[in-house]
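A.B. asks: Sharing a sequence plus its predicted fold:
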Amino acid sequence: MISDLSFCEIQGSFQLRKKCLKTRRFQKMRKVAVNLVLTLSMFSLFFFSGGFVLFADAFLWEYNFSNFQSSVSSGNAWTAQNLSVENLDTGIRLREIGEGTEGSISCKVKLPPAARFIQIKAGTVEHDENALFFYSGGEKYRIFTGWNTFPVNNKDINHGILSITILQEGIPGKNPGGWANFESIRITGEKPAAGLVISLSEKSCKDNIAGIDSTVVFKYYPSGSLLEQELEIDSFVYPEISDYRFSKKPVILKKESDGNFSCTVKISEDAYAFKSGNGSYLFSSVYAGGAHSYASASFNIDVKEIIGSDGKVKNALPPPVFKGASPEIVKYRRMWEQYTKGNNLALGKKIIFSKRPDYKLTSKGDTDATDLTDGKLSNRKGDTIWFDKAAVGWYSAGAENGLNCLIDLGKISPVKDVVVRALCGKRQMNLAAPSEFKVLVSRDGKDFYEAAEMIKLAEGEKDLSDFNKTFYVAESGRAYVYPFKLQVNADVRYLGIYIKGSTGAVFIDEIAVIEGINTACGFNDAYVGQKEKFLTTGILVEPRLKELAISTNINTPAFLQLTDMRDAASQEKKTDLIIEVPEGVSVIFPEASKEAFEIDGKKYTRWKMPLKRRGKYNITEAIFFTAGKSVDCKLPAFIYAASEASRGEKIQVPLRLIEIPEVKPKFKRLMVSLQWMVEKDQMNYPDFLKAYSTMGFNAVPCFPRYWVKTEKQGEMTKYLEEARMKGFKISMNEAPFHVMAKGHQEGSEIYSQLKKGKPGKNLCPSYRGDYYRKEMDRVAECVKSAKPDYVFWDIECWYNGAIEAQACMRCSEEQKKSGKPMGEYLKDCGTRQMRDLKDAVKCGTDGKMPLIHCYDTHPSAPNYHMILDFNKFYPDYVDVSANSFYVSGNALKVHDEMVENYKILKCNKCLPWLSAGTYGELLPYKLEQMILEALMNGACGILYFQYSDFDTPMDFYYHSKALAELAPYEDLLLDGEKLFDLTGSNRNFTYSAVRKGNEMLLLIGNYKRDPNGETEINLPFKNISEIRNLKDNGKIINSGKIFKTNIPKDQIGFYYIKGN
């Protein structure tokens, strides 16, 4: 797009696209009788009836279409031709009503002298064929959902009056056309808020034409503070919406000191050949702050074709993958193309579904079994695949509990990846991305093995997304289909794909199975794992580790995995869980009936109980077993579910009896809590406090927000007092502001007060009204009732409010008063919240303050959700950092982040959160590794989320094992010096050491799975008097000053060393 008000001095004139004005369609639009004229009278340039607002520091002129009102007055007005206009809360809905013509809406505005850009915010579009365009300088420029920034064009100005015209395309033969939502338009200066700007550097401005060796400058101006330090730019050419590149390097914007983002790119010979003009132009997009922003280039581009030695064009523009679709849809289709290069083994194969697809529009033609393997993507340009019979959809079949898809490839073949195109975006609230994917592989169709898994992250955890084990996709109300790639790397004939919906709605339009090579690194590693069943019918209940582990010295729970592939009606019927175990094994919770019987002459007991799912999870409620010493461990156990109508598959698993290590001596300084375990679970846990103490836990969690000022309060306070009497500390979990928000409707005073009159639905960071004060009173009451030794804030509700703070009148007013940039002001809001919360705690205590911490706030990544800045409120309002390690057993990440954390804090003041399975299951032995890495590198205790992730007693075994190894050395651990410079000969290992006087602890990790496990460490003593292997019950090792050891792949060594 060309503008004489761009950053370059434009010499000469731009060739007008006169052809556009002469087209039959445009002439018809001009000549046709006006179907509808809608006007809004203007009282003055900047003060209009409810619509125009002057923002001196941001916008020179703005019109919010949520206040659009129709009239038939003359003069300065918005005028619509061939369009119907419907008022919405967020703007207007335009619908072309001519005979396949273009409709338009236009007005004239006196141009402010400092005007540089026009910004247009569009909402969703029903059909991409009815897209919106900005008409400027005789050219049409596509408007996409989000913010669109265009340079002011001198050709649209006549005697200081700017003509603004928005077009909507019609569909020939269809009247009326599809709708398009239109929210606002504004004129800005040189820094358009939420705006992307693409310009040429001053040295490259000759004739305003970019070519090879020209320098392009990208700038993005956020409307508020952003957490991101980098933003990725995608570029395209119109009208094809083909990908464009300026060089082989991606365009990455870096955050500058003023909070804006920029990047300078030199066009190289690797740039795609392209010449703008005659309706073709270059534009780019960026995703930031939960929204997309687009910009058309303020210059022409002319990159010539380069012919190679073979006579072919080396830099040819790639063909469009989906001509005319939105940039994001094009981007994800290009990803699909890249992911599915090679031989697709699934083409033409039938899929067996465990749950019959039940969405009527996608089930037309009864072709669902082959729709996902026909090699064709949906032809709906807006990716609204729930309308496409070529897609497959589940809506009320129970997809939220998981569904299985089975593909027989016909023969055993090497498979590299499985790629699933699934609907995302929340165009409607239930049309969300699935919450989990798994791929299981089998050679015989009987025994399956898990090859890949990806779990969806919540927004607050999106930094953990790696699209390997976890993923995060933005879902802001616009539909798109994302290609989820799962790495298989194994020989396969029968391929099982498990998909769990975030809601009951799951929509997919294609699955590809890409052939691999059997010499790839790690090929067939999947078959080293556990055997699995893969059901397409019925119900299966089984332990995750495919063994029934039972602890003999204390009670520990088992949460059995539940795979229910019955139809929705069958799932509603009463179903029992039956567990058949050798005589001497008992179920002590929940209540169960028992029946003695024999299997091949061996005495067994059949335990029968109602099958109960634990909330939304695919596991049973906790089951507690006991086992006498006389139990024959060589006999297996059998588990199945049964209803009146059918019986599920009966599985056989080995029995394993274990003794949980007792942690002694008891910790006096370290704090250990299974912090996310509600009181109901504690009370249902047989002899809970005895087991809890044995396993080294010393703080009992409580959630007084659920029972203060209820009939349960007396019972709960009595229980907590009993725990205190037995030597436990009390740790209070509190979710301030989450509780405050309950029961409020859109537009409540606690939410953002949006400038455009829209009802807010996100908590306002600046709110300090009556509900806020009541929330502080409620927190004080909880503290008073629970009398905690520790208070843990769980605050994950501010991100959306912080993102829209620039649009909130309350935030804008308070920010101006502060005299600080919005980003700093928001952090001040968070710090004030921490101060007020600490004051509330103080009000609820009897004088002794508990330790306070706030989830996932720590110095190595201090800015949480744009509002909670650890560096601003520690140590005044919290006492420790609180790193979150929901990392599927990745002990290397725990090591690296804890070391970084300690180097900043320089003390043992971190209470990290660990997990036995959140965001990905892990083998139990990895818990021991994570615990030791955390405590050896600066933690003053550990917390867990959540109880049900301890789904096998083996999780508790390795938890207790790690703490039992450390317990005799608590003072050495906490008072010793961290030896970060100590290392060994094997540089692939991690080394963590703590020394105090003539004693030290040494932890070595082979997390990078080096097959050479040998290493030598030069110990920091003149002589060695004692080395104990703490993982082997303190066994003494003979060694000199040079300590040699061998650590197998993915294992650790842990040693106590004494010297002089």
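C.D. replies: Noted; the coordinates are in hand.
A.B. asks: Quick one: list the elements packing against the biggest helix by length in the chain.
C.D. replies: Longest helix in the chain, counting residues (DSSP state H): helix 822-844. On a contact count with 3 or more Cβ pairs under 8 Å, 6 or more residues apart in numbering; DSSP states H and E, helix 822-844 meets helix 770-786, helix 809-818, strand 851-854, strand 868-869, helix 870-873. All C-beta spots, glycine's among them, are computed from the backbone N, C-alpha and C.
A.B. asks: tell me the most buried of the ones you listed?
C.D. replies: For the helices and strands packed on helix 822-844, average neighbour numbers computed from mean count of other Cβ atoms under 10 Å are highest in strand 868-869, which has a mean of 24.
A.B. asks: what is the mean pLDDT for it?
C.D. replies: Average pLDDT, strand 868-869: 96.
A.B. asks: So what touches that strand?
C.D. replies: 795, 798, 827, 830, 831, 833, 834, 854, 857, 862, 863 (Cβ atoms under 8 Å, 6 or more residues apart in numbering).
A.B. asks: separation between residue 385 and residue 675?
C.D. replies: 42 Å (Cβ to Cβ, to the nearest Å).
A.B. asks: An error on my part: the question was meant for residue 263.
C.D. replies: Note on residue 263: its distance to residue 675, by Cβ to Cβ, is 43 Å.
A.B. asks: Looking at the two, which is more packed in?
C.D. replies: residue 675 (27 against 18; other Cβ atoms under 10 Å).
A.B. asks: what about residue 160, distance to residue 105?
C.D. replies: 22 Å.
A.B. asks: Among these two, which residue is more densely surrounded?
C.D. replies: Using other Cβ under 10 Å as the criterion, residue 160 and residue 105 rank with residue 105 on top: 25 against 10.
A.B. asks: avg pLDDT for the helix or strand residue 608 falls within?
C.D. replies: Per DSSP states H and E, residue 608 falls inside strand 602-610. Mean pLDDT, strand 602-610: 98.
A.B. asks: for the helix or strand just after that strand, packing partners?
C.D. replies: Counting by DSSP H and E, the next helix or strand C-terminal to strand 602-610 is strand 623-627. On a contact count with 3+ Cβ pairs under 8 Å, 6+ apart, strand 623-627 meets strand 548-551, strand 557-558, strand 585-589.
A.B. asks: Report the strands that pair with the second one, each with its relative direction.
C.D. replies: The partner list of strand 557-558 in its sheet, established with DSSP bridges, is strand 623-627 (antiparallel).
A.B. asks: Alpha carbons only: can I get the partner strand in PDB?
C.D. replies: Taking C-alpha atoms only, strand 623-627 is exported to PDB below (Å, rounded to 0.1, in the frame of the first residue of the first chain):
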ATOM      1  CA  ILE A 623      -9.100 -47.500  46.300                       C
ATOM      2  CA  PHE A 624      -7.100 -48.700  49.300                       C
ATOM      3  CA  PHE A 625      -5.900 -52.200  49.600                       C
ATOM      4  CA  THR A 626      -4.200 -54.100  52.500                       C
ATOM      5  CA  ALA A 627      -2.300 -57.300  52.200                       C
END
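A.B. asks: What average pLDDT does it get?
C.D. replies: 98.
A.B. asks: got the angle for that strand vs strand 585-589?
C.D. replies: Angle between the axes of strand 623-627 and strand 585-589 is 140 degrees (criterion: axes from the mean of the first three to the mean of the last three Cα atoms, to 10 degrees).
A.B. asks: what's the angle from the helix or strand that strand 623-627 is followed by to strand 602-610?
C.D. replies: Scanning forward in sequence from strand 623-627 by DSSP H and E, the next helix or strand is strand 637-643. Between the axes of strand 637-643 and strand 602-610, defined by the same axes, to 10 degrees, the angle is 40 degrees.
A.B. asks: centre of the chain versus strand 637-643, how much separation?
C.D. replies: Put simply, strand 637-643 sits 36 Å off its chain's centre (Cα atoms, centre = their mean, to the nearest Å).
A.B. asks: quick revisit: looking at the helices and strands packed on strand 623-627, spot the one closest to residue 430.
C.D. replies: strand 557-558 (32.8 Å; Cβ to Cβ).
A.B. asks: Which residues does the closest one contact?
C.D. replies: So strand 557-558 is contacted by 543, 548-550, 622-625, 685, 950-953 (Cβ under 8 Å, 6+ apart).
A.B. asks: Same check on stretch 333-346?
C.D. replies: 243, 321-322, 325, 373, 375, 377, 407, 409, 413, 415-417, 419, 421, 483, 485, 495, 510-515.
A.B. asks: which of these are buried?
C.D. replies: 243, 321-322, 325, 373, 377, 407, 409, 413, 415-417, 419, 421, 483, 485, 495, 510-514 (16 or more other Cβ atoms under 10 Å).
A.B. asks: Mind checking which of the residues you listed are in strands?
C.D. replies: The strands, defined by DSSP state E, take in 243, 407, 409, 413, 415-417, 419, 421, 483, 485, 495, 510-514 from the buried ones among the contacts of stretch 333-346.
A.B. asks: Please list all residues in contact with residue 107.
C.D. replies: Counting by Cβ under 8 Å, 6+ apart, residue 107 makes contact with 76, 77, 78, 79, 163, 164.
A.B. asks: give me the element the fifth one is part of.
C.D. replies: Element membership for residue 163, per DSSP H and E: strand 161-168.
A.B. asks: Could you check the angle the very next helix or strand once past that strand makes with strand 161-168?
C.D. replies: On the C-terminal side of strand 161-168, the closest following helix or strand by DSSP H and E is strand 179-188. Relative orientation of strand 179-188 versus strand 161-168 (the same axes, to 10 degrees): 160 degrees.
A.B. asks: just checking, what packs against strand 179-188?
C.D. replies: Applying 3+ Cβ pairs under 8 Å, 6+ apart, we find strand 179-188 packed against strand 59-64, strand 92-96, strand 117-125, strand 161-168.
A.B. asks: With respect to those, which exhibits the lowest mean confidence?
C.D. replies: Minimum mean pLDDT among the helices and strands packed on strand 179-188: strand 59-64, a mean of 86.
A.B. asks: Name the residues of that one that are buried.
C.D. replies: Buried residues in strand 59-64 (16+ other Cβ under 10 Å): 59, 60, 61, 62, 63, 64.
A.B. asks: Understood, closing this out.
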